[in-house]
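Trainee: task: produce atomic coordinates for the following.
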Amino acid sequence: MKRLLYICLPIVASILLTGCIKEEYDDCERCTLTFSYTADGSYDVFQNHITDVSLYVFDAEDRLVQTKQINKSDLQAFQGTKLNLQGGTYRIVGVGNNFDKTEINNTSAADMSQIHFNHPNALNGGKVEGNDSLYLGTKIINVPHNDWVEDDVPFQSSHFKVSYTVETEGADWDADLDEEKTRALVEGYYDLQVTNLLPKTDFNNHAHGEYATYDPALLLDTEDGEHKAYFNIMRHPFQSDVTFNLIYKQTGEVLHSLRLEDFLTMFPQVDITKQEVLIPIILRVRFSPGPDPDPDPDPDPDPDPDPDPDPEPDPEPDPEPDPDPDPEPDPDPEPDPDPEPDPEPDPEPDPDPDPDPPYPPYPPGPSYGDGSCITITVTIPDWLLNQVDPGYGNN
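Mentor: Numbering: from 1, shown residues only. Below you'll find the predicted structure:
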């Protein structure tokens with residue numbers, strides 16, 4: 001008898017603590033959801049890419065009935081969640097990595113194409129450097145009226161990763177700099193502006209909206225002299241108007257424009273149908289100096305053989321020379337003093353008439369009118385150049 005009591009007590013306690021009894025299913029979290037993401041492979045890599053999920057539950061008419069935030073520690077304990085749902089059909093939507101670069105709008109629209117996420121500044125003209133590493137999971141589930149249900153919500157990528165590198169030939173980075181010059185150096189010579197971007201992604205995972213402009217941070221790496229930017233954009237179709245503009249910071253001039261569609265055409269190794277695709281743009285910039293502003297004059301094409309030849313010898317030479325010539329026929333008198341002596345030397349001489357240009361002095365701008373020119377070549381990393389299939393997989 002005591003043995004039976006010991007067996008039953010834990011069961012009763014569990015029922016009392018959870019408030020979940022078989023006859024009252026509405027009090028139970030009868031829906032258990034797991035999350036998964038396989039990237040471009042066949043096994044789950046969810047934990048490698050997603051650390052936070054904003055969950056939205058819609059009924060059969062796509063009306064929002066429940067939301068839930070699942071943070072990193074929750075996902076590490078259990079890669080999913082449990083929901084208390086009445087019997088019926090539901091649409092589950094999860095937004096992965098919804099951080100400070102993301103806001104979710106219009107969740108009451110009852111239309112998945114009208115609910116979207118975007119950068120908080122993307123729709124008001126504010127500065128946008130890039131998006132979070134966003135992922136979207138969706139699943140239709142059926143919850144029975146008198147039973148438990150388990151299901152999995154698969155996630156897909158909602159972003160492209162972009163790396164933009166500018167390699168400038170001939171730069172000489174001075175490591176012995178004061179604080180102001182160091183800051184100017186790190187800020188670099190160039191700005192990057194990405195135009196014609198689709199700023200929103202809806203709950204069908206389609207990017208859309210009026211064109212927006214992003215201003216990613218393009219910083220100079222003083223170790224190798226390269227300007228580098230790493231950022232995310234929404235997933236765009238192959239045919240798009242997205243354009244990357246390299247701007248010379250000192251003059252505001254656009255040095256180079258590159259359309260994403262042209263880049264993808266030039267380099268089919270970059271496969272944007274992949275989930276974890278990287279768009280690795282490399283610009284190699286070479287500056288050529290202009291002509292010498294003070295060249296030497298052209299030499300005489302027909303110079304004289306001897307500019308001061310000896311005269312012909314005298315046919316009637318003088319008789320014997322004077323045996324007693326004057327020692328000095330007309331010595332110079334004492335020289336007159338300088339009527340206008342130079343004033344005292346300037347205690348504060350003029351500054352260098354040809355001072356160094358303001359820091360940073362390199363590279364020379366093509367707008368200086370000095371005849372200098374630039375050559376810019378677009379390429380991709382060497383490890384990718386010879387690949388037909390980039391094979392990103394789960395890396």
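Trainee: contacts and neighbour counts: CA atoms only from here.
Mentor: Noted.
Trainee: in terms of contact, does Val53 touch Phe99 like I think?
Mentor: No. With contact defined as Cα atoms under 8 Å, Val53 does not reach Phe99; the gap is 9.8 Å.
Trainee: who has more neighbours, the two?
Mentor: Neighbour count, other Cα atoms under 10 Å: between Val53 and Phe99, Val53 has more, with 26 against 15.
Trainee: quick one, what contacts the nearest residue in space to the more buried one that is not next to it in sequence?
Mentor: Of all residues not flanking Val53 in the chain, Gly96 sits nearest, at 4.5 Å (Cα to Cα, 6 or more residues apart in numbering). Going by Cα atoms under 8 Å, 6 or more residues apart in numbering, Gly96 touches Ile50, Thr51, Asp52, Val53, Ser54, Leu134, Tyr135, Leu136, Gly137.
Trainee: got those residues as CSV, with secondary structure columns?
Mentor: Listed next are those as CSV, based on DSSP: H, G, I helix; E, B strand; the rest coil:
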residue, secondary structure
Ile50, coil
Thr51, coil
Asp52, coil
Val53, strand
Ser54, strand
Leu134, coil
Tyr135, strand
Leu136, strand
Gly137, strand
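Trainee: out of these, which is nearest to Tyr230?
Mentor: The closest of the contacts of Gly96 to Tyr230 turns out to be Leu134 (Cα to Cα; 15.0 Å).
Trainee: any idea how many residues pack against that closest one?
Mentor: Counted with other Cα under 10 Å, Leu134 comes out at 27.
Trainee: quick check: it touching Asn98?
Mentor: Yes. Between Leu134 and Asn98 a contact is recorded at 6.9 Å, counting by Cα under 8 Å.
Trainee: any idea where the helices of this protein begin and end?
Mentor: 2-18, 46-49, 72-77, 179-187, 260-266, 382-385 (DSSP state H).
Trainee: any low-confidence regions in the stretch 201-350 of the chain?
Mentor: 288-350 (pLDDT under 70).
Trainee: could you list the domains of the chain?
Mentor: Domain segmentation of the chain under automatic domain parsing yields 18-97+133-157, 160-290+374-385.
Trainee: now do the nearest residue in space to Ala229 that is not next to it in sequence against Gln250, distance only.
Mentor: Computed as Cα to Cα, 6+ apart, the closest residue to Ala229 that is not its neighbour in sequence is Leu218, at 4.7 Å. Leu218 sits 14 Å away from Gln250, taking Cα to Cα, to the nearest Å as the criterion.
Trainee: when these two are compared, which one has more neighbours?
Mentor: Leu218 (25 against 13).
Trainee: residues contacting the nearest residue to Arg63 once chain neighbours are set aside?
Mentor: Spatial nearest neighbour of Arg63, chain neighbours left out: Ala110 (4.9 Å); criterion: Cα to Cα, 6+ apart. Contacts of Ala110 were listed using Cα under 8 Å, 6+ apart, and they are Glu61, Asp62, Arg63, Leu64.
Trainee: what of Gln114?
Mentor: Asn106, Asp202, Phe203.
Trainee: and if we set it to 6 Å?
Mentor: Counting by Cα atoms under 6 Å, 6 or more residues apart in numbering, Gln114 makes contact with nothing.
Trainee: quick one: pLDDT of it?
Mentor: At Gln114, the model reports a pLDDT of 98.
Trainee: separation between it and Arg63?
Mentor: 12 Å.
Trainee: can you pull the buried residues of stretch 258-277?
Mentor: 258-261, 263-264, 267, 269-272, 274-277 (16 or more other Cα atoms under 10 Å).
Trainee: brain fart, stretch 218-230
Mentor: Leu218, Leu219, Leu220, Thr222, Gly225, Glu226, His227, Lys228, Ala229, Tyr230.
Trainee: could these go into a markdown table alongside distance to Ala122?
Mentor: Below are the buried residues of stretch 218-230 laid out as a markdown table (distance: Cα to Cα, whole Å):
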| residue | distance to Ala122 |
| --- | --- |
| Leu218 | 19 |
| Leu219 | 22 |
| Leu220 | 26 |
| Thr222 | 31 |
| Gly225 | 31 |
| Glu226 | 28 |
| His227 | 25 |
| Lys228 | 23 |
| Ala229 | 19 |
| Tyr230 | 18 |
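Trainee: so, low pLDDT: which residues of the stretch 1-150 of the chain?
Mentor: 1-27.
Trainee: Gly125 versus the residue nearest to Ala229, what's the distance?
Mentor: 20 Å.
Trainee: now do Gln86
Mentor: 43 Å.
Trainee: neighbour-wise, which of those two wins?
Mentor: More crowded of Gln86 and Gly125, by other Cα under 10 Å: Gln86, with 19 against 11.
Trainee: distance-wise, check that one relative to Cys31.
Mentor: 9 Å.
Trainee: quick one: which of the contacts of Gly96 is nearest to Asp241?
Mentor: Relative to Asp241, and with distances defined as Cα to Cα, the nearest of these is Leu134, at 21.6 Å.
Trainee: the closest one contacts Phe155, doesn't it?
Mentor: No. In this structure Leu134 lies outside contact range of Phe155 using Cα atoms under 6 Å: 10.1 Å.
Trainee: any chance of JSON lines for the contacts of Ala110, columns distance to Asn196 and neighbour count?
Mentor: Formatted as JSON lines, the contacts of Ala110 follow (distance: Cα to Cα, whole Å; neighbours: other Cα atoms under 10 Å):
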{"residue": "Glu61", "distance to Asn196": "34", "neighbour count": "11"}
{"residue": "Asp62", "distance to Asn196": "31", "neighbour count": "17"}
{"residue": "Arg63", "distance to Asn196": "33", "neighbour count": "17"}
{"residue": "Leu64", "distance to Asn196": "32", "neighbour count": "18"}
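Trainee: which residues touch Asn232?
Mentor: Asn232 touches Gly130, Asn131, Phe160, Lys161, Val162, counting by Cα under 6 Å, 6+ apart.
Trainee: what's across from the last one in the sheet?
Mentor: With beta bridges defined as DSSP bridges, Val162 has these partners: Phe231, Ile279.
Trainee: residue contacts, it?
Mentor: Going by Cα under 6 Å, 6+ apart, the list of residues near Val162 reads Tyr230, Phe231, Asn232, Leu278, Ile279, Pro280.
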